[in-house]
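K.L.:
Using only what follows, build the 3D model:
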Amino acid sequence: MKMTLEQTKLVGLTMELELKTKEYQSLCKELEELKAQKIDSNDILFVDLAQRFLDNQEEIKKIVKQLKEIKE
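P.N.:
Reported below is the predicted structural model:
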């Protein structure tokens with residue numbers, strides 16, 4: 001069965017979203033580990049982690065936007 005270009009894009013974006021979701025879960029785990037170590041919240045480790053959360057969130061938003069455009 002051949003997929004259309006839209007279907008192929010949809011599958012690809014869905015896979016990307018799944019990877020970003022796993023990355024988010026990994027970041028959450030990393031945050032919990034840092035909190036358990038009672039590191040100061042202004043430490044560079046927290047700042048770096050916060051930036052990675054923001055980057056991940058932006059990438060997820062882009063993927064979701066593209067998925068919505070395809071579905072319309």
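
K.L.:
report the longest helix in the protein, please.
P.N.:
Scanning the chain for the longest helix, with DSSP state H as the assignment, gives helix 5-36.

K.L.:
Quick one: list the elements packing against it.
P.N.:
helix 44-71 (3 or more Cβ pairs under 8 Å, 6 or more residues apart in numbering; DSSP states H and E). Any C-beta I mention is one placed from the backbone N, CA and C, and that applies to glycine too.

K.L.:
between the helix it packs on and helix 5-36, how big is the angle?
P.N.:
Using axes from the mean of the first three to the mean of the last three Cα atoms, to 10 degrees, the inter-axis angle of helix 44-71 relative to helix 5-36 is 160 degrees.

K.L.:
from the middle of its chain, how far away would helix 44-71 be?
P.N.:
Relative to the chain's own centre, helix 44-71 is displaced by 5 Å; criterion: Cα atoms, centre = their mean, to the nearest Å.

K.L.:
buried ones in it?
P.N.:
Leu49, Arg52, Phe53, Asn56, Glu59, Ile60, Ile63, Gln66, Leu67 (16 or more other Cβ atoms under 10 Å).

K.L.:
Looking at those, which is nearest Cys28?
P.N.:
Phe53 (8.7 Å; Cβ to Cβ).

K.L.:
okay, now the residue nearest to that closest one when sequence neighbours are not counted: neighbour count?
P.N.:
Counting by Cβ to Cβ, 6 or more residues apart in numbering, Leu27 is the residue found nearest to Phe53 once chain neighbours are left out, at 5.6 Å. Counted with other Cβ atoms under 10 Å, the burial measure for Leu27 works out to 17 neighbours.

K.L.:
Does Leu27 touch Leu49 like I think?
P.N.:
Yes: in this structure, Leu27 is within contact of Leu49 by Cβ atoms under 8 Å, at 6.6 Å.

K.L.:
residue contacts, the residue nearest the centre of the chain?
P.N.:
Residue closest to the mean C-alpha point of the chain, counted by Cα atoms, centre = their mean, is Lys20 at 3.2 Å. Taking Cβ atoms under 8 Å, 6 or more residues apart in numbering as the definition of contact, the neighbours of Lys20 are Asn56, Glu59, Ile60, Ile63.
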